[in-house]
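Peer 1: sequence? don't have it. structure:
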């Protein structure tokens, strides 16, 4: 199985900050990676797929990059509604796996 | 508008069974792969199973293989998850999700989730 390791697991930041979350895969997954945002009590929401393609309706302050084993999610200027938990997901092979999550909180 | 609505969750004893349903609307259901994802209380996301649009191909996480069965009725626009031999560690909110048609087929729409609690 492909393991995904996100770092950091917890991030404290302020409105307006630029933040980056990293996701590392235990083996190469090409660009078959997605990022999701989840707020408490809600279902996850797709932000980015194919490592860098922005899902329709997602603000352009979100961006993704990477391929192979290392990927990043960047939020260019944090807004109050961005404080949530973020997960990466690999879709390269079964079983599909998620990272453990990165909780982004207000400083 | 795409909508997914899960039902069938509840409290069940260890070793018992439960069938979850996911009613879909707003898209051509039979043309899309679907998946189940669960989240234990206070924990992260765990993929459970997926099924192709026709229902002819299914995959499962090792943690549920042999105990859970995913199926679909395209005439009713409904996805199912039959869960047998339930364990305490199966306690979670279960989400159904629609796969985007283009590779790598991420999960672009999710239901609101249904809570399954397994207790002795």
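Peer 2: Thanks, I have the structure now. Model, not experiment: these values are computed from the prediction.

Peer 1: Pairing partners for the one helix or strand residue A:37 maps to, with directions?
Peer 2: If you go by DSSP states H and E, residue A:37 is part of strand A:33-38. Applying DSSP bridges, strand A:33-38 is found paired with strand A:45-49 (antiparallel), strand A:85-90 (antiparallel).

Peer 1: List of residues touching that strand?
Peer 2: A:23, A:25, A:44-51, A:62, A:64, A:66, A:71, A:73, A:82, A:84-92, A:101, B:45, B:104, B:106-107 (C-beta atoms under 8 Å, 6 or more residues apart in numbering or on different chains). In this view, the C-beta of every residue, glycine as well, is placed from N, C-alpha and C.

Peer 1: For ChimeraX, what selects the buried ones among the residues you listed?
Peer 2: With 16 or more other C-beta atoms under 10 Å in any protein chain shown as the criterion, this ChimeraX line picks the buried residues out of the contacts of strand A:33-38:
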select /A:23,25,44,45,46,47,48,49,50,51,62,64,66,71,73,82,84,85,86,87,88,89,90,91,92,101 /B:45,104,106,107
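
Peer 1: quick revisit: okay if I get the strands paired with strand A:33-38 as TSV plus mean pLDDT?
Peer 2: Formatted as TSV, the strands paired with strand A:33-38 follow (pLDDT from 0 to 100):
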stretch	mean pLDDT
strand A:45-49	98
strand A:85-90	98
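
Peer 1: which ones are touching the closest residue in space to residue B:14 that isn't next to it in sequence?
Peer 2: Distance criterion C-beta to C-beta, 6 or more residues apart in numbering or on different chains; nearest residue to residue B:14, sequence neighbours excluded, is residue B:120 at 4.6 Å. Neighbour list for residue B:120: B:13, B:14, B:88 [criterion: C-beta under 8 Å, 6+ apart].

Peer 1: Which residue ranges of the chain form strands?
Peer 2: I went with chain A, as the question did not name one. Assigned by DSSP state E, the strands in chain A fall at A:4-7, A:10-13, A:19-25, A:33-38, A:45-49, A:53-54, A:62-67, A:70-75, A:85-90, A:97-98, A:102-106.

Peer 1: Can you look at chain B instead?
Peer 2: Using DSSP E, strands in chain B cover B:3-7, B:10-13, B:18-25, B:34-39, B:45-51, B:58-60, B:68-73, B:78-83, B:92-99, B:107-110, B:114-119.

Peer 1: how far away is the residue most central in space within chain A from residue B:13?
Peer 2: Chain A has residue A:35 as the residue nearest its centroid, 3.9 Å off, counting by C-alpha atoms, centre = their mean. Using C-beta to C-beta, to the nearest Å, we find residue A:35 at a distance of 38 Å from residue B:13.

Peer 1: Could you do residue A:103 as well?
Peer 2: 33 Å.

Peer 1: neighbour count winner among the two?
Peer 2: The residue with more neighbours, out of residue A:103 and residue B:13, is residue A:103; 14 against 10, by other C-beta atoms under 10 Å in any protein chain shown.
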